[in-house]
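Student: coordinates for the following, if possible.
(chains A and B)
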Amino acid sequence: MYSFEVERPTSVADAAAALGKDEAQALGGGQTLIPTLKQRLASPSVLVSLAGIADIKGVSVDGGTVTIGGGTTHGVVAAEAGAYPALAALAGNIGDPAVRNRGTIGGSLANNDPSACYPSAALASGATIVTNSREIAADDYFQGLFETALEEGEIVISVKFPIPEAASYQKFEQPASRFALVGVYVAKFADGVRVAVTGASEGGVYRWSEAEAALSGNFSADALDGLTVSGDDMISDLHGSGDYRAHLVKVMTKRAVAAAS
Amino acid sequence: MDKFGKSQPVKRVEDIRLLVGQGRYVDDIAPVDALHAYVFRSPVAHARITELDVRDAVDVPGVHAVITASDLDKAGLDTGMAFSSAPMRDGSKAPRPKRPILAEDRVRFVGEAVAVIIAEDLNAAKDASELIVFDYDELPVHMALQTGGPALHAEVPDNCAFDYGLGDEVATAKAFETAAHVVKLDVSDNRVIVNSLEPRGCFAEVVEGRLHLSFGGQGVWGMKGELARVLHLDPADIRVTNPDVGGGFGMKGMAYPEYFVTAFAARQLGRPIRWMSDRTEAMLSDNAGRDLTSCAEMAFDENHRILGYRLHTLSNLGAYNSQFAQMIQSHLFSRVLTGVYDIPAAYMRCEGIYTNTTQVDAYRGAGRPEAIYLIERVMDRAAREFGIDPQALRRINFIRPDQFPYPTIPGETYDVGDFDRVLTRAETEADLAGFDGRRAVSKAHGKLRGIGLCYYIESILGAPDEDVKVDFTDDGGAIIYVGTQSNGQGHETVFAQFLADQTGIPVDRIEVVQGDSDQIERGGGTGGSRSVTVQTNVTLLAVANMVSGFAGFLAEQAGVDAADVSFDDESFRITGSNVTPTMLEVAQMAREAGRSDLLTWKATAKLPGRSFPNGAHFCEVEIDPATGATHVEKYTVVDDFGNLINPMLAEGQVHGGVAQGLGQALSERVVFDDEGQLLTATFMDYAMPRADTMPMIRFETEAVPSTTNPMGMKGCGEAGTVGAMAAVANAVQDALWAHGVKQADMPFTPQRVWEMLKDAGHKP
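Tutor: Residues are numbered from 1 along each chain as shown, chains lettered A, B, ... in the order given. Purely as a prediction, here's the structure:
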């Protein structure tokens, strides 16, 4: 680890100001950033910890929407987002207890790891990412591997999830990291079905539109039988070829539909 | 008084200390003023070094020295690391390419130590490391496990380190000519990274002119000899210690370059130096395990009796010879070459291959799991090809109880065994009769279920001789000095328990001392499942001497014949007297009488022969054909370990051994890319077995006491691993066989299993 300064603001405004400094880096739960720093793969001059900002923590329910503060840990979401059971279940199965007690939803969405769980939930739910300067629809937010619509210094304040009629997230875990080798989030709303896939594509989290179309007409696993998934643009690594991931996309989608039905 | 009683499942006395953070591992006890050592390692797998300039690194504030091969050379540390050579088939001597402590003109694997920075703190050392100028011309790499390819060592142009043979090649060939059936199988045995919970580490200091090296190891005396040889020191000027050690598994049984450089630097700088590996560094530089491929053939007569067995193995050694590497897949493998079967003719050949990878050496079982994995895969395949029950084929070929003592082809003598009895018990414990029902339930859930058997035998290795010393201390207790070394197995409990059993000394008055070359003159350390047999064997002798010495003393005091004094494991009895002193009380009487000669008891003893633990593992797996995910659903072990001192600790050894076998079989997969970069260099990519990988293990014993030691024991430290690999692999093969997969090799990662099914045309 290289040396750096640490700032611990208690308000979003102070955090935004601190992030204006040269080579400043926001620190959420640190579940990705701290190991990166330990390996000397990053050298920010200032780490701005968001952990002390009470305003961006907590879970609230308002009508058909669950709002989760950006600084809320996975463990808290698992325990308190019961109004949206599939989301709570997803949070409760990220990493292990130590990760869930540190890692935050804002950190996960800002990092947009192609194998992370949360991006699929946000995309499939049609969530809105609220920052200190604007609101971004999930469809516009995710822009590729580790790429998002966030500008320099922009902070995820909260995420608003519309609660679907039915939903399920099915993760096939990479055996070592237990990140998603392929994870599929299916959410059924009154006006249609949304299917988001994480872990699989070289383009990061994406919506599987053919499956959405098939399921919107017939919300059953059988509706997917005729579909094929190409391995061409899938991630290929030592844990799974593109073809294997493509195969798993369909398998996990079917299982998600079955679990949500 | 807390008395254990013989063969009781006593809980480990060291656990509280270890669990509450009171363990004293090497990184906990390094001197507070020690400087930190950090190793600059090769970033490439094969290159000629053109420039190594450390001047800028030395200038970093806080840096005391940067040590390279040329510094070692100037100081006369030029002999390189020690290693043993396997005998050659043709009687010739194979070349012995030097393994330098720090890279000299070439680097040969990613992670090879090139320079060592000594600094006030680790950050300064890492800063300095980034300023080392290391220029090189890359050379083509040799990654394939085969002879030929780009040569790593000029004196070994075909990369073949040795060519070992054992058995009667001609007789075996004849057996194959007359065979009714021949079963042939190519089997690979995947490389694993050992990943002890505590990585390697050491510190060195000079105390009153003597070098003290403390390291996480499996014994101190071998390292002491190596330090004396490499540093040209008088052994009397060296003290080596092993504090608490968090797992060794064979990997910590050897000397490593870092220990020599740390010791050298401590002497040069006159300051204590500490070095601790991080996890990725461990993955790059710890000796790996397994990594071999074999072509095995077995010849049978028309009644399915084995006529002959032959195999040809290629053993990956990595870039250099580690200390025992050449012996693992040759001599050690051959100890149980023919398993539990009565095989009239056999021949094995093993070639050692240099590749641009980290060294490979002993890993839990060291050659014996590999040998058993191979023969048990072959037996399973043979049963499938013959269409007969795998247990039946084994029974046809078991060495029968009336054949013991049974001389084996590799020259061992199996003293006792009752394999049919153990297997019968295992069939019952595993509820073999209910398997078809369980398979039907799995099928109803869309899963493929399979069952696999491994009937293993182990040969207890390591030095057969051991020393012990028991001191009666002034505070009224006793200290037992042992030559073995706990790596976490529970020796403190077992050796105290055994001495308490034999002498009646309360266990809480017994201290176990290990791992200090100043306090213990010599010993064999831990390895080869040797500890409990060798140490208790010699302890028995010391206790016998103690009893007769004390009896003589009491007789003298009481004015009776020595024959009138007896000892009943609790107290002495003197004919005609109602005084019944305990061992500690007699020691106190001796102390008061000025008889200090009775307060220290030393003994040396050699085991009359090896013991051969054996047993049956039944594994049941369930495979999800849609994903390839394999899960172990049921696991049963019935072991013949002979007599046990502490059944609970023995079972714990089996649990850990099975976990390591399951890890290798299911998830542990080492991947290098084409340039020799290790892709699985963190736990994000290298999958260790976890709690949810492990089934509940049913463990039972069926004892046939060994006749080669007075306790009737057989070692148990490695047996779990020896049995587990083939049990899992045969279970996966069983699940997949009916779906067209005729060859299923470890590791059974989801993608690999899915591909096996896909390639066989399986439609989920």
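
Student: doesn't B:Tyr309 belong to a strand?
Tutor: Yes: residue state for B:Tyr309 (DSSP: H, G, I helix; E, B strand; the rest coil) corresponds to a strand.

Student: show me what contacts it?
Tutor: Residues near B:Tyr309 by CB atoms under 8 Å, 6 or more residues apart in numbering or on different chains: B:172, B:296-299, B:337-338, B:343, B:345-347, B:375, B:378. Any C-beta I mention is one placed from the backbone N, CA and C, and that applies to glycine too.

Student: out of these, which sit inside strands?
Tutor: Within those, residues falling in strands by DSSP state E are B:Ala296, B:Glu297, B:Met298, B:Ala299, B:Ala346, B:Tyr347.

Student: give me the neighbour count for the closest residue to B:Phe748 other than its chain neighbours.
Tutor: Counting by CB to CB, 6 or more residues apart in numbering or on different chains, B:Phe748 lies nearest to B:Thr630, which is 4.7 Å off, once chain neighbours are set aside. Counted with other CB atoms under 10 Å in any protein chain shown, residues neighbouring B:Thr630 total 28.

Student: phi and psi next, for B:Thr630.
Tutor: For B:Thr630, the backbone dihedrals are phi -120, psi 130 (criterion: degrees, to the nearest 10).

Student: hey, what's it bridged with?
Tutor: Beta bridges link B:Thr630 to B:Ile623 when assigned by DSSP bridges.

Student: my read: it touches B:Ile623, true?
Tutor: Yes: counting by CB atoms under 8 Å, B:Ile623 is a contact partner of B:Thr630 at 5.0 Å.

Student: please enumerate the shared neighbours of those two.
Tutor: By CB under 8 Å, 6+ apart, the residues touching both B:Thr630 and B:Ile623 are B:Val732, B:Val753.

Student: can you give me the domain assignment for chain A?
Tutor: As assigned by automatic domain parsing, chain A contains the domains A:5-49, A:54-162, A:166-260.

Student: phi, psi for B:Val114 please.
Tutor: Taking degrees, to the nearest 10 as the convention, B:Val114 sits at phi -110, psi -40.

Student: not counting sequence-adjacent ones, nearest residue to it?
Tutor: Once flanking residues are discounted, B:Val114 sits nearest to B:Ala103: 4.7 Å by CB to CB, 6+ apart.

Student: tell me which stretches of the stretch 51-200 of chain B form strands.
Tutor: Using DSSP state E, counting those that start in this stretch, the strands of the stretch 51-200 of chain B run over residues B:63-68, B:106-107, B:113-119, B:133-138, B:160-167, B:181-189.

Student: quick check: next helix or strand after the lengthiest helix in chain B?
Tutor: Using DSSP state H, we find that the single longest helix of chain B is helix B:531-558. Next helix or strand after helix B:531-558 toward the C-terminus (DSSP states H and E): strand B:565-567.

Student: so what's the gap between that next one and the chain middle?
Tutor: 42 Å (CA atoms, centre = their mean, to the nearest Å).

Student: what count of nearby residues applies to the closest residue to chain B within the stretch 1-150 of chain A?
Tutor: Residue of the stretch 1-150 of chain A nearest chain B, by CB to the nearest CB: A:Arg40 (6.9 Å). Neighbours of A:Arg40 under the rule other CB under 10 Å: 14.

Student: mind checking which helix or strand the closest residue to it other than its chain neighbours is in?
Tutor: With CB to CB, 6+ apart as the criterion, A:Arg40 has its nearest non-adjacent residue at 6.2 Å, and that residue is A:Tyr2. A:Tyr2 belongs to no helix or strand when assigned by DSSP H and E.
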